[in-house]
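[1] Below is the sequence, then the predicted model.
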Protein chains: 2
Amino acid sequence: MPPFSLPAAAGPWPRAILIDLAGVLHVGNQAIPGAVEALGRLRATGIPLRFLTNTTRSPRSALVRLLQGLGFDIQPEELRTAVQATCQLVKDQGLHPYYLVHPDIREEVGPDGEDPDAVVLGDAGAYFSFDAMNKAFRLIMAGHPFIAMARNRYFQEADGLTLDLGGFVAALECGAGVAAEVAGKPAALFFLSPLQELGVPPGEAVLIGDDWRDDVLGAQSLGIPGILVKTGKYRPGDETRMSPAPAKVVADFPGAVDYLLSLMQVKA
Amino acid sequence: MPPFSLPAAAGPWPRAILIDLAGVLHVGNQAIPGAVEALGRLRATGIPLRFLTNTTRSPRSALVRLLQGLGFDIQPEELRTAVQATCQLVKDQGLHPYYLVHPDIREEVGPDGEDPDAVVLGDAGAYFSFDAMNKAFRLIMAGHPFIAMARNRYFQEADGLTLDLGGFVAALECGAGVAAEVAGKPAALFFLSPLQELGVPPGEAVLIGDDWRDDVLGAQSLGIPGILVKTGKYRPGDETRMSPAPAKVVADFPGAVDYLLSLMQVKA
């Protein structure tokens, strides 16, 4: 199958850009080389940007602080996190969950329900103990809803790839024989609600991500062209694992910005 | 689809009986009521018995001690464990694994390879820490073989259902995007090798188990009729989750023995 097509029509395009954070703008507490300056060039176009992250080990405030500390021009209101999306889901459904999450995001999600009627999983990292997993398992087996903040499989850390919460979601799904409801990427609403707020149809937006599955495939399945960067969790051949292929594959975030700017000049 | 058919031919039948342990003969350190006496009645027929267990938290010697202590007439050489099957697999393939297993079976598997070239997962229970899981994940991502002693989803403990290693196998499979090689049930060899030793074809044996998937479906897919007992991890409706349905569904192990003895009388 040919790659996902970029729209052919001339005119102001794209009208919004969705950007993944970890692996695209930074890895751990290191900015991707050239990314700060590239974001500046993208800012100069005036196109609205939204930053989407499935990172669920750090609170929103810490993410903003980290990115701004690395020199990125990002405003808190432009950041959409899977934790935020989960809290909205819990509120909409009137649930009082048991949260198997990292202590750093406890303040953002609030206390556990006294008599929990749901299970919420975040990337608890070192806090994924057997006892916590078994508690979640028993609640799910009792018929309570199971919400996963995301289902990312792994992420890049300074010393190597690290298991993300996806495996632990799969563990409970396998154990209990149910499917989790995912709040972050690749949930449709997580991509579409920032676009709805901006009044931009999916085909007139573009996404930049390092995760072929949760970023690029997720976006493209909704009609949002995806640009895959070869940084972060990218592994050689990732672009061949999805169909249709990414709209574009580039070396890194600066390469994605160069590409988008070149298209804008052609279209202008 | 109709239930799995028992052989119609008259004659000495069955010629071997495969019996699951946990959930069938006992739950934790309690014998299933009537099971000790029922095993005695089965013994009286002189039919060879083999006991197959996917329990990987306890060493072989402790399992024999537990069962004999509960009054069961079981000889050590009749017991086939997933740990044993795993050790055979590791030896056959010349591997030096990192073992993510319960400390109680460490003596049985031996020390970790100094520079591990494989990952072996047992039911580590409380020892399923994030660090151990991440170590296993990185070895598998580096291309090393991944062997699971079993992939049972849960088992019955005195205080409720408990996550077995299956979920943690799924976690690593999901994270690393690979499939584990399973050594215990429902691996074909685990059912077939005791029958081969006895010289009994699959269709002339019968299995008694409480796990519709790993016991009964596993056996029936090899041509061994399966009897599902409604004790241990059995949940209402389990018999409808598999196709063809179990050859027979009974209340418990004594019920299974009554059923087999009644068939033998008819056939005699």
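    Nice, thanks for sending it over. Here the structure is a predicted model, which means the values were calculated and not measured.

[2] Next to chain B in this structure, residues from the stretch 51-200 of chain A, please.
    Taking Cβ under 8 Å from any Cβ of the partner chain as the contact definition, the stretch 51-200 of chain A meets chain B at A:124-131, A:133-134, A:137-138, A:141, A:153-154, A:160-164, A:166-177. (Glycine included, C-beta is placed from N, CA and C.)

[3] so where's the stretch 151-268 of chain A uncertain?
    A:266-268 (pLDDT under 70).

[4] mind listing the helices for it?
    Under the criterion DSSP state H, counting those that start in this stretch, the stretch 151-268 of chain A contains helices at A:165-176, A:188-198, A:218-220, A:253-267.

[5] Any chance of JSON lines for the ones you listed, columns mean neighbour count and distance to B:Leu49?
    As requested, those are exported to JSON lines (neighbours: other Cβ atoms under 10 Å in any protein chain shown; distance: least, Cβ to Cβ, whole Å):
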{"stretch": "helix A:165-176", "mean neighbour count": "26", "distance to B:Leu49": "31"}
{"stretch": "helix A:188-198", "mean neighbour count": "17", "distance to B:Leu49": "55"}
{"stretch": "helix A:218-220", "mean neighbour count": "26", "distance to B:Leu49": "53"}
{"stretch": "helix A:253-267", "mean neighbour count": "17", "distance to B:Leu49": "65"}
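
[6] So which of those helices is nearest B:Gly113?
    With respect to B:Gly113, and counting by Cβ to Cβ, the nearest of the helices of the stretch 151-268 of chain A is helix A:165-176 at 23.0 Å.

[7] residues contacting A:Pro145?
    By Cβ atoms under 8 Å, 6 or more residues apart in numbering or on different chains, the contact set of A:Pro145 is A:93, A:95, A:117-119, A:181.

[8] What is the nearest of these to A:Asn54?
    Nearest to A:Asn54 among the contacts of A:Pro145: A:Glu181, at 14.6 Å, using Cβ to Cβ.

[9] Count the residues that sit near the closest one.
    For A:Glu181, the neighbour count with other Cβ atoms under 10 Å in any protein chain shown is 15.

[10] From chain B, how far out is it?
    17 Å (Cβ to the nearest Cβ, to the nearest Å).

[11] circling back: quick one: which of the contacts of A:Pro145 has the most company?
    Neighbour tally across the contacts of A:Pro145 (other Cβ under 10 Å): the maximum, 25 neighbours, falls on A:Val119.

[12] Let me know the closest of the contacts of A:Pro145 to A:Leu70.
    A:Glu181 (32.8 Å).

[13] That closest one reaches A:Met149, doesn't it?
    No. The pair A:Glu181 / A:Met149 is not scored as a contact, 10.4 Å apart, by Cβ atoms under 8 Å.

[14] picking up where we left off before, minimum distance to A:Val24: which of the helices of the stretch 151-268 of chain A has it?
    When these are compared by Cβ to Cβ, helix A:253-267 sits nearest A:Val24, at 5.4 Å.

[15] which residues touch that closest one?
    So helix A:253-267 is contacted by A:6, A:10-11, A:13-14, A:17, A:19, A:24-25, A:32-35, A:37-39, A:41-42, A:45, A:206, A:208, A:227, A:229, A:231, A:248, A:250 (Cβ under 8 Å, 6+ apart).

[16] Centre of the chain to it, how far?
    Chain-centre distance of helix A:253-267: 22 Å, with Cα atoms, centre = their mean, to the nearest Å.

[17] Just the CA atoms of it, as CSV, please.
    The C-alpha trace of helix A:253-267 is given here as CSV (Å, rounded to 0.1, in the frame of the first residue of the first chain):
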residue,chain,number,x,y,z
PHE,A,253,12.1,16.6,14.7
PRO,A,254,14.2,19.3,12.9
GLY,A,255,13.8,17.1,9.7
ALA,A,256,10.0,17.0,10.2
VAL,A,257,9.9,20.8,10.6
ASP,A,258,12.1,21.3,7.4
TYR,A,259,9.8,19.0,5.5
LEU,A,260,6.6,20.8,6.6
LEU,A,261,8.1,24.2,5.9
SER,A,262,9.2,23.0,2.4
LEU,A,263,5.6,21.9,1.7
MET,A,264,4.3,25.2,2.9
GLN,A,265,6.6,27.0,0.5
VAL,A,266,5.4,24.8,-2.4
LYS,A,267,1.8,25.4,-1.5
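
[18] how about the strands in the stretch 101-250 of chain A?
    Ranges of strands in the stretch 101-250 of chain A, per DSSP state E, counting those that start in this stretch, are A:119-121, A:146-148, A:154-157, A:160-163, A:181-182, A:205-209, A:226-229, A:248-250.

[19] mind listing what A:Pro202 touches?
    Neighbouring residues of A:Pro202 by Cβ under 8 Å, 6+ apart: A:191-192, A:195, A:222-224.

[20] Can you list the residue ranges for helices in the stretch 1-150 of chain A?
    Under DSSP H, counting those that start in this stretch, the stretch 1-150 of chain A gives helices at A:35-43, A:60-69, A:82-92, A:106-109, A:130-141.

[21] pLDDT value on the closest residue to A:Glu181 other than its chain neighbours, please?
    The shortest distance from A:Glu181 to any non-neighbouring residue, by Cβ to Cβ, 6 or more residues apart in numbering or on different chains, is to A:Ile147 (5.1 Å). The model reports A:Ile147 with a pLDDT of 98.

[22] give me every residue that touches A:Ile147.
    A:86, A:89-90, A:95, A:97, A:118-121, A:180-183.

[23] do you know how far it is from chain B?
    17 Å.

[24] repeat for A:Ala219
    21 Å.

[25] Nearest residue to that residue in space, ignoring adjacent ones along the chain?
    Spatially, and ignoring its direct neighbours in sequence, A:Ala219 is nearest to A:Leu207 (3.9 Å; Cβ to Cβ, 6+ apart).

[26] Just give me the neighbour total for that neighbour.
    Other residues close to A:Leu207 by other Cβ under 10 Å number 29.

[27] which ones are touching A:Ala35?
    So A:Ala35 contacts A:24-26, A:72, A:252-254 (Cβ under 8 Å, 6+ apart).

[28] Spatially nearest residue to A:Asp252, not counting backbone neighbours?
    The spatially closest residue to A:Asp252, leaving aside those adjacent along the chain, is A:Thr231, at 4.9 Å (Cβ to Cβ, 6+ apart).

[29] wait, isn't that neighbour in contact with A:Asp210?
    Yes. Between A:Thr231 and A:Asp210 there is a contact under Cβ under 8 Å: 5.7 Å.

[30] rewinding a little: thought the residue nearest to A:Ala219 was touching A:Val229?
    No. In this structure A:Leu207 lies outside contact range of A:Val229 using Cβ under 8 Å: 10.8 Å.

[31] out of the contacts of A:Ala35, what pair is the most spread apart?
    It's A:Phe72 and A:Asp252 that sit farthest apart of those, by Cβ to Cβ, at 14.5 Å.
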